[in-house]
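Student: What follows is a predicted structure for the sequence shown.
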Amino acid sequence: MRYKISARLAPPLCALALFAQASACSAEPPPGAPTVNEARKFVISHTDAGCDDTDNINLIKDDRMIVVSRNGNVATIIYDLYCEYSAARTRVFLLWRTFTGYRLMHFAKPAYELRWVDDIGSELAEKPGATGYEVVTRLQNGKIDPNSLEITSNEPWGADADAGERGSWRFQHNAGAYSLSWFEVDPFSERSLGPDKASRLKGERFVLFPSEK
């Protein structure tokens, strides 16, 4: 599935960040806005989120709410929530608006294939590129900037976690959704490269979005 990615910059703003419902700014969410615990319960019950372990439904792990905008009792809020999954720090993000309620945030990611010359991942047969796009709801090591609302992720691979992929998504205020702004892959693990190639190839990254012209 392919998506048209908007490059329009989101305006800077002073959002309210509530870490486990402790205010970090002077503003407050409107009366009746869901708490962090209530948002977590919604995520656990939402099958599309794919979060496990209902025993931890009330467990807050750096969970927070960010008030994006408020006019009287009408508000837009983003919830940054821990998701029990295979990764140690997997996050999901909920958008809540006064008249429409919750919406689980989706993130477009490039689909690609790494073609290797050998079986140990020490040399690529060709430069990787995006072949399409997939949509995910969970982001490993997902982080949100409370001011710009930009979300980033970092998914390490391998025994030494020294290879992997990284991405960034920009919030589109009118649509109330996120669009992909940047994505790269670092395919080489130092262990697979060996000492001869490590100094030359370790840390080499391929940008899959925006695509090179």
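Tutor: Sure, I can see it.
Student: can you give me phi and psi for A39?
Tutor: For A39, the backbone dihedrals are phi -70, psi -40 (criterion: degrees, to the nearest 10).
Student: ok, it touching Y79?
Tutor: Yes. Here A39 reaches Y79: they are 4.1 Å apart, a contact under Cβ atoms under 8 Å. For every residue, glycine as well, the C-beta is placed using N, CA and C.
Student: if I look at these two, which residues touch both of them?
Tutor: When contacts are counted by Cβ atoms under 8 Å, 6 or more residues apart in numbering, the set common to A39 and Y79 consists of D63, M65, L94, W96.
Student: do you know how far the residue nearest to the last one when sequence neighbours are not counted is from H106?
Tutor: Nearest residue to W96, sequence neighbours excluded (Cβ to Cβ, 6 or more residues apart in numbering): I77, at 4.6 Å. With distances taken as Cβ to Cβ, to the nearest Å, I77 is found 17 Å from H106.
Student: Settle it for me: which of the two has more neighbours?
Tutor: Regarding I77 and H106, a neighbour count based on other Cβ atoms under 10 Å identifies I77 as having more, with 24 against 14.
Student: which strands and helices sit next to whatever helix or strand the more buried one lives in?
Tutor: Secondary structure assigned from DSSP states H and E places I77 in strand 74-82. Other helices and strands packing on strand 74-82, by 3 or more Cβ pairs under 8 Å, 6 or more residues apart in numbering; DSSP states H and E, are helix 36-45, strand 64-71, strand 90-97.
Student: still on that earlier bit, just give me the closest of the shared contacts of A39 and Y79 to N73.
Tutor: Minimum separation from N73 among those (Cβ to Cβ) is found for W96, which lies at 13.3 Å.
Student: my guess is the closest one meets V74, correct?
Tutor: No. With contacts defined as Cβ under 8 Å, W96 does not count as touching V74, sitting 11.6 Å away.
Student: more crowded one of the two?
Tutor: Applying other Cβ under 10 Å to W96 and V74 shows that W96 carries more neighbours, namely 23 against 11.
Student: for the chain, what spans make up the strands?
Tutor: For the chain, the strands defined by DSSP state E cover 16-19, 22-23, 64-71, 74-82, 90-97, 101-104, 107-111, 132-136, 139-140, 143-144, 151-157, 163-172, 177-186, 206-209.
Student: Reformat those as JSON lines; add distance to E123 and mean pLDDT.
Tutor: Output for the strands of the chain, formatted as JSON lines (distance: least, Cβ to Cβ, whole Å; pLDDT from 0 to 100):
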{"stretch": "strand 16-19", "distance to E123": "45", "mean pLDDT": "51"}
{"stretch": "strand 22-23", "distance to E123": "50", "mean pLDDT": "35"}
{"stretch": "strand 64-71", "distance to E123": "43", "mean pLDDT": "95"}
{"stretch": "strand 74-82", "distance to E123": "38", "mean pLDDT": "95"}
{"stretch": "strand 90-97", "distance to E123": "31", "mean pLDDT": "95"}
{"stretch": "strand 101-104", "distance to E123": "40", "mean pLDDT": "96"}
{"stretch": "strand 107-111", "distance to E123": "22", "mean pLDDT": "97"}
{"stretch": "strand 132-136", "distance to E123": "25", "mean pLDDT": "95"}
{"stretch": "strand 139-140", "distance to E123": "26", "mean pLDDT": "94"}
{"stretch": "strand 143-144", "distance to E123": "33", "mean pLDDT": "96"}
{"stretch": "strand 151-157", "distance to E123": "17", "mean pLDDT": "92"}
{"stretch": "strand 163-172", "distance to E123": "14", "mean pLDDT": "94"}
{"stretch": "strand 177-186", "distance to E123": "15", "mean pLDDT": "96"}
{"stretch": "strand 206-209", "distance to E123": "14", "mean pLDDT": "92"}
